[in-house]
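>>> below is the structure, and that's it, no one-letter string:
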Ligand code: UFG
(Lines give C-alpha, C1' and ligand atoms only; values in the text may rest on other atoms or scores of the structure.)
Protein backbone atom coordinates (compact mmCIF):
# COMPACT_ATOMS: atom_id res chain seq x y z
CA UNK A 1 0.00 0.00 0.00
CA UNK A 2 1.37 3.37 -0.93
CA UNK A 3 1.74 5.89 1.86
CA UNK A 4 -0.93 8.54 2.20
CA UNK A 5 0.14 12.15 2.56
CA UNK A 6 -2.03 15.16 3.34
CA UNK A 7 -0.85 18.34 1.64
CA UNK A 8 -2.41 21.47 3.11
CA UNK A 9 -2.25 24.43 0.76
CA UNK A 10 -2.05 21.83 -2.00
CA UNK A 11 -3.11 24.17 -4.81
CA UNK A 12 -0.62 26.88 -3.76
CA UNK A 13 2.72 27.62 -5.38
CA UNK A 14 4.98 25.28 -3.42
CA UNK A 15 2.12 22.92 -2.50
CA UNK A 16 1.27 22.18 -6.13
CA UNK A 17 4.88 21.49 -7.13
CA UNK A 18 5.32 19.23 -4.11
CA UNK A 19 2.09 17.39 -4.92
CA UNK A 20 3.46 16.64 -8.39
CA UNK A 21 6.67 15.19 -6.95
CA UNK A 22 4.78 13.17 -4.31
CA UNK A 23 2.47 11.64 -6.94
CA UNK A 24 5.46 10.89 -9.17
CA UNK A 25 7.17 9.19 -6.23
CA UNK A 26 4.18 6.87 -5.77
CA UNK A 27 2.58 8.53 -2.76
CA UNK A 28 -1.18 8.76 -2.43
CA UNK A 29 -1.96 12.47 -2.01
CA UNK A 30 -4.92 14.22 -0.49
CA UNK A 31 -4.73 17.97 -1.07
CA UNK A 32 -6.72 20.52 0.89
CA UNK A 33 -6.93 24.26 0.37
CA UNK A 34 -9.48 27.00 0.97
CA UNK A 35 -8.53 28.55 -2.41
CA UNK A 36 -8.03 31.94 -0.73
CA UNK A 37 -4.82 32.46 -2.70
CA UNK A 38 -4.93 29.78 -5.38
CA UNK A 39 -7.18 28.42 -8.09
CA UNK A 40 -8.89 25.07 -8.46
CA UNK A 41 -7.58 24.89 -12.08
CA UNK A 42 -4.14 24.14 -10.60
CA UNK A 43 -5.41 20.56 -10.27
CA UNK A 44 -5.76 20.38 -14.08
CA UNK A 45 -2.12 21.44 -14.43
CA UNK A 46 -1.07 18.71 -12.00
CA UNK A 47 -3.12 16.17 -13.95
CA UNK A 48 -1.47 17.20 -17.22
CA UNK A 49 1.96 16.61 -15.71
CA UNK A 50 1.40 13.41 -13.74
CA UNK A 51 -1.64 11.91 -15.46
CA UNK A 52 -3.61 12.03 -12.25
CA UNK A 53 -4.78 14.72 -9.84
CA UNK A 54 -4.80 14.41 -6.06
CA UNK A 55 -8.02 13.92 -4.15
CA UNK A 56 -9.06 17.49 -3.26
CA UNK A 57 -11.11 19.00 -0.43
CA UNK A 58 -11.93 22.65 0.08
CA UNK A 59 -11.25 23.08 3.79
CA UNK A 60 -10.41 26.20 5.78
CA UNK A 61 -7.95 24.95 8.40
CA UNK A 62 -8.45 28.07 10.52
CA UNK A 63 -12.01 26.83 11.02
CA UNK A 64 -11.69 24.56 14.05
CA UNK A 65 -14.92 22.67 13.46
CA UNK A 66 -14.41 22.17 9.72
CA UNK A 67 -10.88 20.90 10.36
CA UNK A 68 -12.04 18.50 13.07
CA UNK A 69 -14.80 17.19 10.78
CA UNK A 70 -12.37 16.66 7.92
CA UNK A 71 -10.00 14.61 10.09
CA UNK A 72 -12.83 12.68 11.76
CA UNK A 73 -13.89 11.48 8.30
CA UNK A 74 -10.38 10.85 7.06
CA UNK A 75 -7.92 10.28 9.90
CA UNK A 76 -5.35 7.95 8.33
CA UNK A 77 -2.35 9.83 7.05
CA UNK A 78 1.26 8.70 7.18
CA UNK A 79 2.35 12.34 7.14
CA UNK A 80 1.08 15.88 6.73
CA UNK A 81 2.90 18.59 4.81
CA UNK A 82 1.53 21.84 6.14
CA UNK A 83 1.93 24.64 3.60
CA UNK A 84 -1.38 26.46 4.09
CA UNK A 85 -0.66 29.99 5.32
CA UNK A 86 -0.76 33.63 4.34
CA UNK A 87 2.63 34.80 3.10
CA UNK A 88 2.70 38.46 2.15
CA UNK A 89 5.07 40.41 4.40
CA UNK A 90 3.55 43.87 3.72
CA UNK A 91 -0.01 42.65 4.15
CA UNK A 92 0.96 41.14 7.50
CA UNK A 93 2.24 44.52 8.70
CA UNK A 94 -1.05 46.18 7.71
CA UNK A 95 -3.22 43.37 9.04
CA UNK A 96 -1.29 41.52 11.76
CA UNK A 97 -4.23 39.85 13.49
CA UNK A 98 -5.37 38.26 10.27
CA UNK A 99 -1.91 36.65 10.03
CA UNK A 100 -1.75 35.48 13.63
CA UNK A 101 -5.27 34.12 13.46
CA UNK A 102 -4.95 32.32 10.14
CA UNK A 103 -1.38 31.03 10.27
CA UNK A 104 -1.36 30.00 13.92
CA UNK A 105 -4.88 28.71 14.42
CA UNK A 106 -4.58 26.52 11.32
CA UNK A 107 -1.38 25.00 12.69
CA UNK A 108 -2.95 24.45 16.11
CA UNK A 109 -5.99 22.82 14.50
CA UNK A 110 -3.80 20.50 12.43
CA UNK A 111 -1.66 19.52 15.44
CA UNK A 112 -4.81 18.95 17.53
CA UNK A 113 -6.08 16.53 14.87
CA UNK A 114 -2.69 14.82 14.73
CA UNK A 115 -2.71 14.23 18.48
CA UNK A 116 -6.31 13.00 18.42
CA UNK A 117 -5.94 10.65 15.46
CA UNK A 118 -2.36 9.57 16.16
CA UNK A 119 -0.98 11.00 12.93
CA UNK A 120 2.72 10.86 13.59
CA UNK A 121 4.55 13.01 11.08
CA UNK A 122 4.46 16.63 9.96
CA UNK A 123 6.61 18.71 7.62
CA UNK A 124 6.24 22.42 8.22
CA UNK A 125 6.91 25.33 5.83
CA UNK A 126 9.22 27.68 7.67
CA UNK A 127 11.29 30.49 6.24
CA UNK A 128 14.77 31.97 6.35
CA UNK A 129 12.98 35.09 7.53
CA UNK A 130 13.41 33.68 11.07
CA UNK A 131 17.14 34.57 10.88
CA UNK A 132 16.57 38.25 10.05
CA UNK A 133 19.93 39.74 8.99
CA UNK A 134 22.38 37.09 10.21
CA UNK A 135 25.65 38.23 11.82
CA UNK A 136 27.63 35.70 9.81
CA UNK A 137 27.05 34.17 6.39
CA UNK A 138 26.23 31.62 5.18
CA UNK A 139 23.55 31.09 7.79
CA UNK A 140 23.34 27.69 9.50
CA UNK A 141 20.44 26.13 11.36
CA UNK A 142 22.26 26.93 14.61
CA UNK A 143 22.48 30.66 13.89
CA UNK A 144 20.53 32.68 16.43
CA UNK A 145 17.05 33.79 15.44
CA UNK A 146 16.44 37.54 15.35
CA UNK A 147 13.32 39.34 16.42
CA UNK A 148 10.97 39.06 13.46
CA UNK A 149 10.65 42.08 11.17
CA UNK A 150 7.01 41.41 10.34
CA UNK A 151 3.98 39.65 11.80
CA UNK A 152 4.36 37.14 8.94
CA UNK A 153 7.92 36.35 10.05
CA UNK A 154 6.76 36.17 13.64
CA UNK A 155 4.11 33.57 12.75
CA UNK A 156 6.94 31.37 11.40
CA UNK A 157 8.96 31.76 14.63
CA UNK A 158 5.95 31.13 16.85
CA UNK A 159 4.88 28.19 14.68
CA UNK A 160 8.27 26.55 15.18
CA UNK A 161 7.82 26.99 18.96
CA UNK A 162 4.31 25.53 18.82
CA UNK A 163 5.67 22.50 16.96
CA UNK A 164 8.58 22.09 19.40
CA UNK A 165 6.16 22.07 22.34
CA UNK A 166 3.79 19.67 20.56
CA UNK A 167 6.45 17.06 19.75
CA UNK A 168 7.38 17.08 23.46
CA UNK A 169 3.80 16.53 24.54
CA UNK A 170 2.49 14.13 21.90
CA UNK A 171 3.73 11.20 19.85
CA UNK A 172 4.54 13.45 16.89
CA UNK A 173 7.72 13.94 14.85
CA UNK A 174 8.28 17.09 12.86
CA UNK A 175 10.62 18.55 10.29
CA UNK A 176 10.62 22.29 9.63
CA UNK A 177 12.09 23.36 6.31
CA UNK A 178 13.37 26.91 6.32
CA UNK A 179 12.95 28.00 2.73
CA UNK A 180 15.13 30.64 1.18
CA UNK A 181 13.69 32.37 -1.93
CA UNK A 182 11.66 29.97 -4.08
CA UNK A 183 11.44 30.90 -7.77
CA UNK A 184 10.64 29.31 -11.11
CA UNK A 185 8.04 26.84 -12.23
CA UNK A 186 7.62 23.25 -13.33
CA UNK A 187 9.53 22.58 -16.59
CA UNK A 188 6.25 21.67 -18.32
CA UNK A 189 4.93 25.21 -17.65
CA UNK A 190 1.65 23.62 -16.51
CA UNK A 191 1.95 24.92 -12.95
CA UNK A 192 3.79 27.89 -11.45
CA UNK A 193 3.37 30.90 -9.22
CA UNK A 194 0.03 32.73 -9.45
CA UNK A 195 0.51 36.05 -7.65
CA UNK A 196 -2.58 37.75 -6.37
CA UNK A 197 -2.59 41.33 -7.74
CA UNK A 198 0.68 43.24 -8.01
CA UNK A 199 3.52 40.86 -7.15
CA UNK A 200 5.65 41.70 -4.12
CA UNK A 201 8.35 39.22 -5.01
CA UNK A 202 11.14 39.91 -7.45
CA UNK A 203 10.81 37.15 -10.04
CA UNK A 204 7.05 37.39 -10.70
CA UNK A 205 7.48 41.15 -10.97
CA UNK A 206 10.26 40.59 -13.51
CA UNK A 207 8.21 38.17 -15.64
CA UNK A 208 5.15 40.44 -15.54
CA UNK A 209 7.32 43.37 -16.62
CA UNK A 210 8.85 41.35 -19.45
CA UNK A 211 5.41 40.35 -20.76
CA UNK A 212 4.09 43.91 -20.50
CA UNK A 213 1.66 43.65 -17.56
CA UNK A 214 3.95 46.00 -15.58
CA UNK A 215 5.72 48.92 -17.17
CA UNK A 216 8.93 48.85 -15.22
CA UNK A 217 10.65 46.90 -12.47
CA UNK A 218 11.86 48.92 -9.49
CA UNK A 219 15.16 47.72 -8.04
CA UNK A 220 14.92 48.48 -4.34
CA UNK A 221 18.25 50.03 -3.31
CA UNK A 222 21.72 50.17 -4.88
CA UNK A 223 23.60 51.30 -1.79
CA UNK A 224 23.83 48.01 0.06
CA UNK A 225 27.19 46.70 1.18
CA UNK A 226 27.42 44.18 -1.68
CA UNK A 227 29.52 43.99 -4.83
CA UNK A 228 27.00 45.74 -7.10
CA UNK A 229 25.11 47.53 -4.31
CA UNK A 230 21.88 45.52 -4.64
CA UNK A 231 20.58 43.09 -2.03
CA UNK A 232 21.52 39.42 -2.07
CA UNK A 233 19.26 36.38 -1.62
CA UNK A 234 19.50 32.62 -2.09
CA UNK A 235 17.10 31.85 -4.96
CA UNK A 236 16.04 28.21 -5.15
CA UNK A 237 14.10 26.45 -7.91
CA UNK A 238 10.64 25.51 -6.61
CA UNK A 239 11.06 21.94 -7.92
CA UNK A 240 14.24 21.54 -5.86
CA UNK A 241 12.23 22.79 -2.92
CA UNK A 242 9.52 20.23 -3.73
CA UNK A 243 12.19 17.49 -3.75
CA UNK A 244 13.28 18.55 -0.26
CA UNK A 245 9.76 17.78 0.96
CA UNK A 246 9.94 14.28 -0.49
CA UNK A 247 13.24 13.77 1.33
CA UNK A 248 11.66 15.05 4.57
CA UNK A 249 8.57 12.84 4.24
CA UNK A 250 10.75 9.81 3.49
CA UNK A 251 12.94 10.55 6.51
CA UNK A 252 9.92 10.81 8.81
CA UNK A 253 7.95 7.85 7.50
CA UNK A 254 11.03 5.60 7.35
CA UNK A 255 11.84 6.51 10.96
CA UNK A 256 15.22 7.96 10.08
CA UNK A 257 14.99 11.15 12.12
CA UNK A 258 17.52 11.59 14.92
CA UNK A 259 15.37 14.00 16.90
CA UNK A 260 11.63 14.44 17.16
CA UNK A 261 11.92 17.94 15.74
CA UNK A 262 14.50 18.65 13.09
CA UNK A 263 15.13 21.85 11.17
CA UNK A 264 16.81 22.20 7.78
CA UNK A 265 17.83 25.14 5.62
CA UNK A 266 16.52 24.70 2.10
CA UNK A 267 18.48 26.89 -0.27
CA UNK A 268 21.20 26.55 -2.89
CA UNK A 269 24.02 27.87 -0.72
CA UNK A 270 24.68 30.63 -3.26
CA UNK A 271 23.77 34.29 -3.02
CA UNK A 272 22.72 36.38 -6.02
CA UNK A 273 22.07 40.10 -6.18
CA UNK A 274 18.98 41.68 -7.70
CA UNK A 275 21.11 42.81 -10.66
CA UNK A 276 22.45 39.23 -11.08
CA UNK A 277 18.87 38.03 -11.36
CA UNK A 278 17.97 40.69 -13.91
CA UNK A 279 21.10 40.02 -16.00
CA UNK A 280 20.62 36.25 -15.95
CA UNK A 281 16.92 36.58 -16.77
CA UNK A 282 17.79 38.75 -19.78
CA UNK A 283 20.51 36.39 -20.97
CA UNK A 284 18.65 33.09 -20.75
CA UNK A 285 15.45 34.45 -22.21
CA UNK A 286 17.04 36.73 -24.83
CA UNK A 287 15.23 39.90 -23.89
CA UNK A 288 15.77 43.29 -22.28
CA UNK A 289 14.05 44.24 -19.07
CA UNK A 290 12.82 47.73 -18.33
CA UNK A 291 14.04 48.64 -14.84
CA UNK A 292 15.07 51.57 -12.68
CA UNK A 293 16.86 51.95 -9.37
CA UNK A 294 14.75 53.33 -6.54
CA UNK A 295 15.13 53.66 -2.75
CA UNK A 296 15.46 50.66 -0.49
CA UNK A 297 12.24 48.86 0.46
CA UNK A 298 11.43 49.18 4.17
CA UNK A 299 12.14 46.01 6.12
CA UNK A 300 14.47 44.42 3.54
CA UNK A 301 17.65 42.85 4.79
CA UNK A 302 20.95 43.33 2.97
CA UNK A 303 22.06 39.78 2.31
CA UNK A 304 21.33 36.21 3.21
CA UNK A 305 22.19 32.82 1.83
CA UNK A 306 22.09 29.34 3.27
CA UNK A 307 24.65 26.96 4.60
CA UNK A 308 23.12 23.77 3.23
CA UNK A 309 25.64 21.31 4.68
CA UNK A 310 23.19 19.90 7.21
CA UNK A 311 20.44 19.36 4.60
CA UNK A 312 22.95 17.86 2.16
CA UNK A 313 24.47 15.44 4.64
CA UNK A 314 21.61 14.59 6.96
CA UNK A 315 18.54 14.93 4.75
CA UNK A 316 20.43 13.61 1.73
CA UNK A 317 19.05 16.43 -0.38
CA UNK A 318 20.85 18.92 -2.61
CA UNK A 319 19.51 21.54 -4.97
CA UNK A 320 20.19 20.45 -8.56
CA UNK A 321 18.73 23.07 -10.83
CA UNK A 322 20.62 26.18 -11.93
CA UNK A 323 19.60 29.81 -11.66
CA UNK A 324 19.39 29.83 -15.46
CA UNK A 325 16.88 26.95 -15.41
CA UNK A 326 14.87 28.69 -12.70
CA UNK A 327 14.62 31.94 -14.62
CA UNK A 328 13.86 30.24 -17.92
CA UNK A 329 11.07 28.21 -16.33
CA UNK A 330 9.65 31.36 -14.70
CA UNK A 331 9.49 33.02 -18.11
CA UNK A 332 7.99 29.93 -19.80
CA UNK A 333 5.27 29.91 -17.13
CA UNK A 334 4.50 33.61 -17.62
CA UNK A 335 4.18 33.02 -21.38
CA UNK A 336 1.92 30.02 -20.71
CA UNK A 337 -0.34 32.25 -18.57
CA UNK A 338 -0.51 34.74 -21.43
CA UNK A 339 -1.81 32.18 -23.95
N1 LIG B 1 13.02 43.37 -5.11
C2 LIG B 1 13.16 44.43 -5.98
N3 LIG B 1 12.07 44.82 -6.70
C4 LIG B 1 10.86 44.21 -6.60
C5 LIG B 1 10.74 43.12 -5.69
C6 LIG B 1 11.84 42.74 -4.97
O7 LIG B 1 14.24 45.02 -6.11
O8 LIG B 1 9.91 44.62 -7.26
C9 LIG B 1 14.20 42.94 -4.34
C10 LIG B 1 13.98 43.03 -2.83
O11 LIG B 1 14.28 44.32 -2.37
C12 LIG B 1 14.93 41.96 -2.34
C13 LIG B 1 14.93 40.91 -3.47
O14 LIG B 1 14.43 41.58 -4.61
O15 LIG B 1 16.23 42.46 -2.24
C16 LIG B 1 14.02 39.73 -3.17
O17 LIG B 1 12.75 40.22 -2.80
P18 LIG B 1 11.48 39.26 -2.66
O19 LIG B 1 10.32 40.13 -2.26
O20 LIG B 1 11.33 38.42 -3.87
O21 LIG B 1 11.89 38.28 -1.49
P22 LIG B 1 12.27 38.62 0.02
O23 LIG B 1 13.64 38.10 0.22
O24 LIG B 1 12.00 40.00 0.40
O25 LIG B 1 11.14 37.77 0.75
C26 LIG B 1 11.19 36.39 0.72
C27 LIG B 1 9.78 35.80 0.86
C28 LIG B 1 9.22 36.09 2.20
C29 LIG B 1 10.21 35.73 3.27
C30 LIG B 1 11.53 36.36 3.02
C31 LIG B 1 12.57 35.90 3.98
O32 LIG B 1 8.92 36.32 -0.13
O33 LIG B 1 8.07 35.31 2.35
O34 LIG B 1 11.99 35.99 1.73
O35 LIG B 1 13.72 36.66 3.85
F36 LIG B 1 9.78 36.16 4.48
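Cool, the structure landed. Please read all numbers here as calculations on a predicted model, not as lab measurements.
>>> kindly report the residues of the stretch 151-300 of the chain close to the ligand.
Counting by C-beta under 6 Å from any ligand atom, the stretch 151-300 of the chain comes close to the ligand at 153, 181, 200-202, 205, 217-220, 231, 233, 274, 297, 300. Any C-beta I mention is one placed from the backbone N, CA and C, and that applies to glycine too.
>>> among those, name the ones in helices.
Here DSSP state H is the test, and those give 153, 202, 205, 274 as lying in helices.
>>> returning to what we had before: which among the residues of the stretch 151-300 of the chain next to the ligand end up buried?
153, 181, 201, 202, 205, 217, 219, 220, 231, 233, 274 (16 or more other C-beta atoms under 10 Å).
>>> next, the contact list for the fifth one, please.
The reference is to residue 205. 198, 199, 214, 217 (C-beta atoms under 8 Å, 6 or more residues apart in numbering).
>>> one more: the fourth one?
Residues counted as contacts of residue 202 (C-beta under 8 Å, 6+ apart) are 181, 183, 233, 274, 277.
>>> from residue 333, how far off is it?
From residue 202 across to residue 333, the span is 15 Å (C-beta to C-beta, to the nearest Å).
>>> show me what residue of the stretch 1-150 of the chain gets nearest to the ligand.
Minimum separation of the stretch 1-150 of the chain from the ligand (C-beta to the nearest ligand atom) falls at residue 129, amounting to 3.3 Å.
>>> phi, psi of that residue?
phi -60, psi -20 (degrees, to the nearest 10).
>>> most surrounded residue in the contacts of residue 205?
residue 217 (20 neighbours; other C-beta atoms under 10 Å).
>>> identify the bridge partners of that residue.
residue 291 (DSSP bridges).
>>> thought it was touching residue 293?
No. Look at residue 217 against residue 293 with C-beta atoms under 8 Å: they stay out of range, at 10.1 Å.
>>> residues contacting the residue of the stretch 1-150 of the chain closest to the ligand?
89, 148, 149, 150, 152, 153, 156.
>>> determine the three-state secondary structure at residue 106.
Put simply, residue 106 is helix when judged by DSSP: H, G, I helix; E, B strand; the rest coil.
>>> worst-scoring helix or strand of the protein, pLDDT-wise?
helix 89-94 (a mean of 93; mean pLDDT, DSSP states H and E).
>>> how about the strands in the chain?
4-8, 28-33, 55-58, 79-82, 121-127, 173-179, 181-183, 217-220, 232-233, 235-237, 261-266, 272-273, 291-294 (DSSP state E).
>>> and the ones you listed, which is most packed in?
strand 79-82 (a mean of 28; mean count of other C-beta atoms under 10 Å).
>>> just checking, residue 182 touches residue 234?
No. With contact defined as C-beta under 8 Å, residue 182 does not reach residue 234; the gap is 10.1 Å.
>>> which neighbours do these two have in common?
Joint contacts of residue 182 and residue 234 (C-beta under 8 Å, 6+ apart) do not exist.
>>> skipping adjacent residues, who's closest to residue 318 in space?
residue 312 (5.1 Å; C-beta to C-beta, 6 or more residues apart in numbering).
>>> check residue 71 too.
Nearest non-adjacent residue to residue 71, counting by C-beta to C-beta, 6+ apart: residue 113, 3.8 Å away.
>>> burial of that neighbour, as a residue count?
21.
>>> what's the per-residue pLDDT of it here?
Note for residue 113: predicted pLDDT of 98.
>>> repeat for the one 10 residues further on
In the predicted model, residue 123 carries a pLDDT score of 99.
>>> residue 211 now?
At residue 211, pLDDT is 98.
>>> spatially, which two of the buried ones among the residues of the stretch 151-300 of the chain next to the ligand are the most separated?
153 and 217 (24.3 Å; C-beta to C-beta).
>>> and residue 213, how far from residue 286?
From residue 213 to residue 286 the distance is 19 Å (C-beta to C-beta).
>>> so these two - more neighbours on which side?
residue 213 (15 against 7).
>>> which phi and psi does that one have?
phi -70, psi -40.
>>> what about it, distance to the ligand?
According to C-beta to the nearest ligand atom, to the nearest Å, residue 213 and the ligand sit 13 Å apart.
>>> quick one, what contacts that residue?
No residues are in contact with residue 213 under the rule C-beta under 8 Å, 6+ apart.
>>> how close does it get to residue 129?
Distance check for residue 213 against residue 129: by C-beta to C-beta, it reads 27 Å.
>>> and if you look at residue 46?
In terms of C-beta to C-beta, residue 46 sits 28 Å off from residue 129.
>>> could you do residue 229 as well?
Distance from residue 229 to residue 129, counting by C-beta to C-beta: 23 Å.
>>> same question, residue 303
From residue 303 to residue 129 the distance is 14 Å (C-beta to C-beta).
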